[in-house]
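# sharing a sequence plus its predicted fold:
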Amino acid sequence: MELQNTVKEALNALYHHPDDAVRMQADRWLQDFQRTIDAWQVADNLLHDTSSNIETSIFCSQTLRSKVQRDFEELPSEAFRPLRISLNTLLKSFHKGPPKVRTQISLAVAALAVHVPAEDWGDGGILNWIRDEMNSHPECIPSFLELLRVLPEEVFNYKIAVRPDRRRSFENELAVGMEIAVNVLTACLNINGLSEQALEAFASWLRLRHRIPASALATHPLVLTALSGLNSDMLSEASVNVISELIHHTTVRNLDEVAAQMPLIQVLVPRIMNLKPQLRDPSKDEEDVKAVARLFADMGDAYVELIGTGSDESMVIVQALLEVTSHPEFDIASMTFNFWHSLQMILTERTNHHPNGDKPYVEAEKSSQLLAFRSPYETLVSLVSVKVEYPQDYADLSREDQKDFKQTRYAVADVLIDAALVLGGDATLKFLYMKLIEAVRNCGQGQKTDWRPAEAAFFSIRAISDYVSNTEGDVMPQIMNLLPQLPQQQQLLQTVCLVIGAYSKWLDAAPSGSSFLSPLINILVNGMSVSEDTAAVAAVAFRHICDDCKKKLCGSLDGLFQIYQGAMIGEGPFKVSAEDSLHLVEALSMVVTELPSEHAKKALEALCLPAVAPLQDIINQGPLVLGQKPARDLTVHINRLANIFRHANQPEAVADAVHRLWPIFKSIFDIRSWDMRTMESLCRACKNAVRTSKTLVGVTVGVMLEEIQALYKQHQQPCFLYLSSEVIKIFGSDPSCTNYLKILIESLFNHTTFLLTKIQQDFSSRPDLVDDCFLLASRCIRYCPQLFFPSPVFPCLVDCSMIGITVQHREASNSILNFLSDVFDLANSTHGKPYVSFRDNVIIPRGAVITRILVAALTGALPSSRLETVTYTLLAITRAYGLKTVEWAKETLSLIPSNAVTEVERSRFLQALSDATSGAAINSLMVPIEELSEVCRRNRSVQEIVQGALRPLELNMVSES
């Protein structure tokens, strides 16, 4: 009684106390209470207490539902019957509401049915039990109808802590009892006021995968009642839900299925088609129109294979779907977008197999189908292209509404792409060009000009750019001639810049492309001077132009450098942000790539100058100033150099530049080695230089790595490891570098493993260090196994990985697991096979512990989202060590109590590992592995039991014997 009063007091505080801190404390206490064993009795008592207020009843019903779902195993086996009696009593007590309480109790009973086999409910299982209760207590039928509604939904509710075998059995029990359920629901149609509830429950039963034959449904009273509900003045939501489920029920995945579904399809389609006038009926409520549109969209999605045949009947449905697409409300129109995409896939990708393999026949049939749908897709383009037009009040919209409008445009762009794939990109472009010409006529220079239709047309033209041929010569030249004549409205200018960037490949390929480059670049330069937002778009477009037209632009390098230098140093009207300036850096770097090598060094020097000069100026002011500068003052310039080294594919010129710039880099390394942000930027620049110049940068790399090797011991910057990783990739197999790289590897790994194993919490506090350490280790396995495996750092890294497998940081954990997978897969690579004995000497003594930690990770030590990576690693060690791993896994599973994992579940898991040793495909092994994971995670208590038995965090390292 005392605990019941405490619950009431906590609820009162939660809902009514003025102090936020008190409310939060009450909330925490109530959540903790729900996890206790006492919560069963307290919640049950308070629900049976007629004096409990609504807040108490809702909380206790939620608690009881949650306990049945997640913690049913806490109860002794004999508790089922008293629990069922109590829930049944509550279901009848609350048959008039409140609805929230009644729903929670219904869910609790349904969850109980998932846990408890049919035979324990009596003859016929829970469905017979429900039918008998409804017959005995007709006044409580609404409660039992709600139970009938939620019951099939719980098949797919994975919050219920039940084993996979039992979940499958429950689904089969419902399938067997479906006739009883449908008969009960049919009987309820005759009870006044219950037909809506009966139809909602029927819709729920239709979602089960076990199908009632279409021929039986076509004349079923529940179906006929739902169809009649479509004709009422107030559209029945339950009827719409039933019809929607019936449409899904008759989904045609291939034309061979049509005959079986046709009896029901022939009933549904005409009745739905009769609703078409309601789409345009102004007297209809918007929600009713949405419901009708939903039925048309469902019909399109379900019968798209049939519609794709292009028959006269299917074209009637297509016209109705165009009617939905034309609706002014985007939420309604967009319901059809998935259909247009699916139809496009069928029309463009379907392989129509002729009996004699007649390829010309197949092509002719495909062309015939595309021709049949040409007109609908042209209409589709016309309907959706206007939906991207900016609203008049766009500037006054909230940030959220502006974001929604952008999402609308992205969705329409996808539909335009579907249309382009059916009609052809060039044909779609011509269609959109006609709209553009009409819009531009209204987009003059007067006071009442409207730029919005022109902008919408340009947006649509940009959307299909990937599907317009580079040889298109009718429309594109006219569009390019038009661009410089447009008014300088900001949104219009941004979209024009996007169009220029999108058609950069056409500009390069078209015979007349060169003549457009100068005026188009002027538009982009103008865009960089209007606002920061427009400059961002223009900078990206400029990069595309320079990338695709770089050969044509080599002769215009002086003019491009003027633009570049002005934007870099902020001269004149340029409004390019530091971040967006990187696009210009990339753009000029790509053009420099095309220069002859004798000119490349000078051009690269000019390209680097706007970034080098400010850095040199800071360094010249002395170490104190360099040490005190904000990181951004340095990284803005270093990042530009990093992009130059990455995109200017002139290995000799980049190697020469890095050699000249090394004194600057060394000064920054020496003074700013404590500064992670600056070091990351500088290491990225060095990494890009190594990647581009490869062995040409060898001399500079030597002094560079000596520098970071010394600095790493002081500051442990992870970026030093990823720079070393790039060096390993380039120089790892070079015999002349063997001694140096061996010293580098051992120095970096010794220091890192010492840190991580000495202070184990560093795995969580320094996940970036863990991530880069094991990424480097994987690189060593691939590029210099001859240095890595015989080294004393290899066993240290394996020991370190065993501590860190279960680190919760995703990237760090994945890097460790991938490292272990690479170790186990060593024999799969030719260059790795000679070192298998070194690997085995380290792994075999630790194999049992590694396997145990991996099983612990699989069963709850890591989130279920990592299951795929953990599974691969477990299967990798299994393939490497065969039956040894199976024995290690058997020892591990023997530690888990039988109340958590049954013998059958263990056997299935071990059989999967045994099959892996025989070379079985991973996909065929996943089910028993995933099921063991699910069983061990089914609720908090079981997960704690399993992890307490396996103790992955407490395992001691196994020393090499």
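Received the coordinates, thanks.

# how about the most centrally placed residue in the chain, nearest residue that isn't a chain neighbour?
Ranked by distance to the mean C-alpha position of the chain (C-alpha atoms, centre = their mean), the top residue is Ser865 at 11.9 Å. Among residues not flanking Ser865 along the chain, Arg810 sits closest, at 7.8 Å (C-beta to C-beta, 6 or more residues apart in numbering). Where you see a C-beta, it was placed from the backbone N, CA and C, and this is true even at glycine.

# what of Glu133?
With sequence-adjacent residues excluded and distances taken as C-beta to C-beta, 6+ apart, Glu133 is closest to Phe144, at 6.0 Å.

# that neighbour: what's it in contact with?
Leu91, Ile130, Glu133, Met134 (C-beta atoms under 8 Å, 6 or more residues apart in numbering).

# which ones are touching the second one?
Going by C-beta under 8 Å, 6+ apart, Ile130 touches Phe144, Leu147, Leu148, Val184.

# filter the residues you listed down to the ones in strands?
Using DSSP state E, no member of the contacts of Ile130 falls within strands.

# now those residues in a markdown table, with pLDDT and distance to Pro790?
Listed next are the contacts of Ile130 as a markdown table, based on pLDDT from 0 to 100; distance: C-beta to C-beta, whole Å:
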| residue | pLDDT | distance to Pro790 |
| --- | --- | --- |
| Phe144 | 94 | 73 |
| Leu147 | 95 | 68 |
| Leu148 | 95 | 69 |
| Val184 | 94 | 74 |
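
# those residues: which two are farthest apart?
The span of those, defined through C-beta to C-beta, is set by Leu147 and Val184 at 10.8 Å.

# of those two, which one has the most company?
Taking other C-beta atoms under 10 Å, Leu147 and Val184 do not tie; Leu147 has more neighbours (26 against 22).

# read off the pLDDT value for the nearest residue to that one once chain neighbours are set aside.
Among residues not flanking Leu147 along the chain, Ser106 sits closest, at 4.4 Å (C-beta to C-beta, 6+ apart). Predicted confidence (pLDDT) for Ser106: 96.

# next SSE after the host helix or strand of Ser106?
Ser106 belongs to helix 99-115 when assigned by DSSP states H and E. Sequence-wise, the next helix or strand downstream of helix 99-115 (DSSP H and E) is helix 125-136.

# name the residues that touch the helix holding Ser106?
Residues outside helix 99-115 that contact it (C-beta under 8 Å, 6+ apart) are 47, 54, 57-58, 61-62, 64-65, 68-69, 72, 80, 83-84, 87-88, 90-91, 94-95, 121, 125-126, 142-143, 146-147, 149-151, 153-155, 157, 160, 162, 166-167, 170.

# list the buried residues in that helix.
By 16 or more other C-beta atoms under 10 Å, the buried positions in helix 99-115 come out as 101-115.

# dump the helix or strand containing Ser681 to PDB, keeping only the CA atoms.
In this assignment (DSSP H and E), Ser681 forms part of helix 676-693. Written as PDB, here are the backbone C-alpha positions of helix 676-693 (Å, rounded to 0.1, in the frame of the first residue of the first chain):
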ATOM      1  CA  MET A 676      44.600  19.200 -33.200                       C
ATOM      2  CA  ARG A 677      42.700  21.300 -35.700                       C
ATOM      3  CA  THR A 678      45.900  22.800 -37.300                       C
ATOM      4  CA  MET A 679      47.700  19.500 -37.300                       C
ATOM      5  CA  GLU A 680      44.700  17.700 -39.000                       C
ATOM      6  CA  SER A 681      44.800  20.400 -41.700                       C
ATOM      7  CA  LEU A 682      48.500  20.200 -42.200                       C
ATOM      8  CA  CYS A 683      48.600  16.400 -42.200                       C
ATOM      9  CA  ARG A 684      45.800  16.400 -44.800                       C
ATOM     10  CA  ALA A 685      47.900  18.600 -47.000                       C
ATOM     11  CA  CYS A 686      51.000  16.300 -46.600                       C
ATOM     12  CA  LYS A 687      48.900  13.200 -47.200                       C
ATOM     13  CA  ASN A 688      47.400  14.600 -50.400                       C
ATOM     14  CA  ALA A 689      50.900  15.600 -51.600                       C
ATOM     15  CA  VAL A 690      52.200  12.000 -50.900                       C
ATOM     16  CA  ARG A 691      49.100  10.600 -52.700                       C
ATOM     17  CA  THR A 692      49.700  12.700 -55.800                       C
ATOM     18  CA  SER A 693      53.500  12.700 -56.000                       C
END
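
# still on that earlier bit, filter the contacts of helix 99-115 to the buried ones?
Buried among those (16+ other C-beta under 10 Å): 47, 57-58, 61-62, 64-65, 68-69, 72, 80, 83-84, 87-88, 90-91, 94-95, 121, 125-126, 142-143, 146-147, 149-151, 154-155, 160, 162, 167, 170.

# out of the residues you listed, which sit inside strands?
If you go by DSSP E, those have nothing in strands.

# what's the neighbour count on Gly193?
Residues near Gly193, counting by other C-beta under 10 Å: 7.

# oh, I was asking about His137
15.

# quick one, helices of the stretch 801-950 of the chain?
Counting by DSSP state H, counting those that start in this stretch, the stretch 801-950 of the chain has these helices, from start to end: 810-824, 836-856, 867-881, 883-894, 903-917, 922-936, 940-950.

# these: which one's closest to Gln786?
Counting by C-beta to C-beta, Gln786 lies closest to helix 836-856 out of the helices of the stretch 801-950 of the chain; the figure is 10.0 Å.

# how far does the closest one sit from the chain's center?
Remark: helix 836-856 is offset 34 Å from the chain centroid, using C-alpha atoms, centre = their mean, to the nearest Å.

# packing partners for it?
helix 793-804, helix 810-824, helix 867-881, helix 883-894, helix 940-950 (3 or more C-beta pairs under 8 Å, 6 or more residues apart in numbering; DSSP states H and E).
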